[in-house]
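S.K.: Sequence below, structure please.
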Amino acid sequence: MIRTYRREKLLNAILYFVQHTKFCGKTKLMKLLYFLDFQHFKETGKSVTGLEYFAWDKGPVPVALFMEISNEMPPDLKATIAVMPGDKFQKIAARREYTDEYFTNREKRLLEEISEIYAEAKADDIVEVSHLPNQPWQKTCAEKGMKKKIDYLLALDDMPDSLPFEEARERMEEIAEMHNIFGTD
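M.R.: As a prediction, the model looks like this:
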């Protein structure tokens, strides 16, 4: 697997959450990454990790990453984390140190804020938060149904930290065009 800049961001975001929160298993990690990506998108029109999230029963899940962690992990992920068996959940442990060199100041701020908010939370608590009314997961379930892709544009709202819809849509299109032209992350 070719290690791209975006992949390094993902691996280091995982490391940050694993090293800065308690009770970090698969479910909690999936929600922390969702909060990171959707809050960053709300502010900038771009996700941090580039993951696609789907509306599963326990909330938003980046299915591709979930499958990587649940099945045979690719070498870069296996060198980054270990999934430790347990009675109540499978804890994720770091195999290397986090580095912040791939993140912008905004991304580092969001990693820190999200980790502080959910430092002591267990997976069930975070699942509840991801299911709140008028949030992307709930809107997707109501409008499209379960197992459907969650549109990042659903993160936008009328709060001061949110981009206007048209600006976010234009940024998404520009980013998609760059990926098509250059074929990179």
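S.K.: which SS state does the spatially most central residue of the chain fall under?
M.R.: Nearest to the geometric centre of the chain sits Leu33, at 2.3 Å (C-alpha atoms, centre = their mean). Using DSSP: H, G, I helix; E, B strand; the rest coil, the structure places Leu33 in helix.
S.K.: Hmm, Ser47 and it touching each other?
M.R.: No: using C-beta atoms under 8 Å, Leu33 is not in contact with Ser47; the gap is 9.5 Å. For glycine as for every other residue, the C-beta is placed from the backbone atoms N, C-alpha and C.
S.K.: Determine the number of other residues adjacent to Tyr5.
M.R.: As a burial measure, Tyr5 scores 11 neighbours (other C-beta atoms under 10 Å).
S.K.: repeat for the one 4 residues further on
M.R.: For Lys9, the tally of surrounding residues (other C-beta under 10 Å) stands at 21.
S.K.: ok so it is a helix residue?
M.R.: Yes: Lys9 forms part of a helix when assessed by three-state DSSP.
S.K.: Residue numbering should commence at 35 henceforth.
M.R.: Got it, the first residue is 35 from now on, which makes the last one we talked about Lys43.
S.K.: so what's the residue lying closest to it once chain neighbours are set aside up against?
M.R.: Counting by C-beta to C-beta, 6 or more residues apart in numbering, Tyr136 is the residue found nearest to Lys43 once chain neighbours are left out, at 4.6 Å. Applying C-beta atoms under 8 Å, 6 or more residues apart in numbering to Tyr136 gives the contacts 39, 42-43, 46.
S.K.: In three-state terms, label Tyr136 for me.
M.R.: coil.
S.K.: Which parts of this structure are strands?
M.R.: With DSSP state E as the criterion, the chain has strands at 88-90, 93-95, 115-118, 125-128.
S.K.: so can I have a markdown table of these showing mean pLDDT?
M.R.: Formatted as a markdown table, the strands of the chain follow (pLDDT from 0 to 100):
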| stretch | mean pLDDT |
| --- | --- |
| strand 88-90 | 97 |
| strand 93-95 | 96 |
| strand 115-118 | 95 |
| strand 125-128 | 96 |
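S.K.: Which one, of those strands, ends up nearest to Gln53?
M.R.: strand 125-128 (5.4 Å; C-beta to C-beta).
S.K.: Using PDB, list the CA coordinates for stretch 165-182.
M.R.: Output of stretch 165-182 as PDB, limited to C-alpha atoms (Å, rounded to 0.1, in the frame of the first residue of the first chain):
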ATOM      1  CA  HIS A 165     -27.600   9.900  17.200                       C
ATOM      2  CA  LEU A 166     -28.800  13.400  18.300                       C
ATOM      3  CA  PRO A 167     -31.700  14.900  16.300                       C
ATOM      4  CA  ASN A 168     -30.800  17.000  13.200                       C
ATOM      5  CA  GLN A 169     -27.300  15.600  13.100                       C
ATOM      6  CA  PRO A 170     -25.900  14.000   9.900                       C
ATOM      7  CA  TRP A 171     -26.400  10.400  11.000                       C
ATOM      8  CA  GLN A 172     -30.100  11.000  12.000                       C
ATOM      9  CA  LYS A 173     -30.800  13.000   8.900                       C
ATOM     10  CA  THR A 174     -29.300  10.200   6.700                       C
ATOM     11  CA  CYS A 175     -31.300   7.500   8.400                       C
ATOM     12  CA  ALA A 176     -34.500   9.600   8.100                       C
ATOM     13  CA  GLU A 177     -34.000  10.600   4.500                       C
ATOM     14  CA  LYS A 178     -32.100   7.700   2.900                       C
ATOM     15  CA  GLY A 179     -32.300   4.800   5.400                       C
ATOM     16  CA  MET A 180     -29.700   2.700   7.300                       C
ATOM     17  CA  LYS A 181     -26.400   1.600   5.700                       C
ATOM     18  CA  LYS A 182     -26.400   4.700   3.400                       C
END
